[in-house]
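A.B. asks: Whatever this is, show me its structure:
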Amino acid sequence: LEELAAELGVADRVRFVGALTREEVAALMQRAVALVLPSRSEGWPLVIGEALACGTPVVASRVGGIPETVGSGDGGILVEPGDEAELAEALVAILERHHDPARVAAASRAQPWSVQAGRIAAVYRQVLAGSLPDRATGDS
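C.D. replies: Numbering: from 1, shown residues only. Below is the predicted model of the structure:
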């Protein structure tokens, strides 16, 4: 990856930090402008909750449990998987937004765990019933 970063001319802007403690991860997340997770497939990525708790907004694909975790409002922006133009627009919007980390973190804590647990349970019920919509197409 370091060689690829050098080939792409971004080595001076990319850091590969290796294994970190939880505290070190939290400190880096608090300094980050955003967490970017442009996945085509996900389950329920914990990193989104970690970023939001640190006050870091999220730009992520609308797949898996990501929409339920990000929610709406100050927490971040959801994009369609594979839509590079929409991803770029979302990143520009985050950069222009000048987010308030305390507000992002507070918004992530504003919903009680029972609300998140209910969202998770609803997704599991849909999966077990075989009716989970395909987030890429909207089809059931």
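A.B. asks: use CA for all of it now, contacts and neighbours both
C.D. replies: OK.
A.B. asks: In terms of pLDDT, where does the nearest residue to Ile66 once chain neighbours are set aside sit?
C.D. replies: Nearest residue to Ile66, sequence neighbours excluded (Cα to Cα, 6 or more residues apart in numbering): Trp44, at 6.3 Å. The confidence metric pLDDT takes the value 80 at Trp44.
A.B. asks: So Trp44 sits against Pro67, correct?
C.D. replies: No. Trp44 is not in contact with Pro67 according to Cα atoms under 8 Å; the separation is 9.6 Å.
A.B. asks: Report the distance from stretch 51-70 to the chain centre.
C.D. replies: Relative to its chain's centre, stretch 51-70 lies at 3 Å (Cα atoms, centre = their mean, to the nearest Å).
A.B. asks: can you dump the C-alpha coordinates of it into CSV?
C.D. replies: This file holds the C-alpha atoms of stretch 51-70, laid out as CSV (Å, rounded to 0.1, in the frame of the first residue of the first chain):
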residue,chain,number,x,y,z
ALA,A,51,-16.5,7.6,14.6
LEU,A,52,-19.8,9.3,15.5
ALA,A,53,-19.0,8.9,19.2
CYS,A,54,-15.7,10.7,18.6
GLY,A,55,-17.6,13.5,16.8
THR,A,56,-16.4,12.5,13.4
PRO,A,57,-19.1,12.7,10.6
VAL,A,58,-19.5,9.7,8.3
VAL,A,59,-19.7,9.5,4.5
ALA,A,60,-20.8,5.9,3.7
SER,A,61,-22.6,3.7,1.3
ARG,A,62,-26.3,3.0,1.8
VAL,A,63,-25.8,-0.8,2.4
GLY,A,64,-26.3,-3.2,5.2
GLY,A,65,-26.8,-1.7,8.6
ILE,A,66,-25.1,1.6,7.7
PRO,A,67,-28.2,3.7,7.2
GLU,A,68,-29.6,2.6,10.6
THR,A,69,-26.3,3.5,12.3
VAL,A,70,-25.7,6.8,10.6
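A.B. asks: got the buried residues for that stretch?
C.D. replies: 51-70 (16 or more other Cα atoms under 10 Å).
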